[in-house]
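Asker: sequence first, predicted model second:
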Amino acid sequence: MSRIALHTLLARTALRALVPLTGVGLTLWFPAIAYAVPGVAVDLAANSLPVVIGNLRNWIMGILAAVATLFLVLAGVYWATAGGDPAQVERAKLALRNALIGYGLAVLAPILLQVVQGIVGG
């Protein structure tokens, strides 16, 4: 058996043992949550609509900014490695356009969610 195959086998075996042990460990570490011990208060109250809209806005802005940054980095890599190839330069321009659209949507997310909040009535 080669070293790579042996390493892969050991990694898979360790992962198969680690996942169930993690679940058991968490169950033992937090028994009040796992067994619903009486006397332990669990807060299941729902947030109000403005709080939910605000949280949604923050998540959407973060995700859009992260994806736009990824496209911006890809555009830079494509442009730097183009070496005069017109197809690669066009690919870089497309990635840059996608990054700008993503940043634009991230900036507009609060406005769009404000419109949704007005429609829903919050």
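Answerer: Ah, there it is.

Asker: what separates Gln117 from Leu64, distance-wise?
Answerer: To Leu64, Gln117 is 18 Å away according to CB to CB, to the nearest Å. Where C-beta positions appear, they are placed from N, C-alpha and C, glycine not excepted.

Asker: try Gly83
Answerer: For Gly83 relative to Leu64 (CB to CB), the value is 31 Å.

Asker: for the two, indicate the residue with more neighbours.
Answerer: Ranked by neighbour count (other CB atoms under 10 Å), Gly83 and Leu64 place Leu64 first, with 19 against 7.

Asker: who's in contact with the more buried one?
Answerer: Gly102, Tyr103, Leu105, Ala106, Ala109 (CB atoms under 8 Å, 6 or more residues apart in numbering).

Asker: host element of it?
Answerer: Leu64 is part of helix 49-80, with elements assigned from DSSP states H and E.

Asker: where do the helices sit along the protein?
Answerer: Counting by DSSP state H, the chain has helices at residues 3-29, 31-35, 49-80, 86-120.

Asker: and the ones you listed, which one averages the lowest pLDDT?
Answerer: When these are ranked by mean pLDDT, helix 31-35 comes last with a mean of 54.

Asker: tally of neighbours for Gln88?
Answerer: 15.

Asker: quick one: pLDDT of the residue nearest to it when sequence neighbours are not counted?
Answerer: In space, and not counting its chain neighbours, Gln88 is closest to Ala82: 3.9 Å by CB to CB, 6 or more residues apart in numbering. Note for Ala82: predicted pLDDT of 86.

Asker: what number of residues lie near Ala82?
Answerer: Neighbours of Ala82 (other CB under 10 Å): 15.

Asker: that one touches Ala95, doesn't it?
Answerer: No - counting by CB atoms under 8 Å, Ala82 stays clear of Ala95, with 11.5 Å between them.

Asker: if we can go back for a sec, the inter-axis angle of the helix holding Leu64 versus helix 86-120?
Answerer: Helix 49-80 runs at 170 degrees relative to helix 86-120, counting by axes from the mean of the first three to the mean of the last three CA atoms, to 10 degrees.
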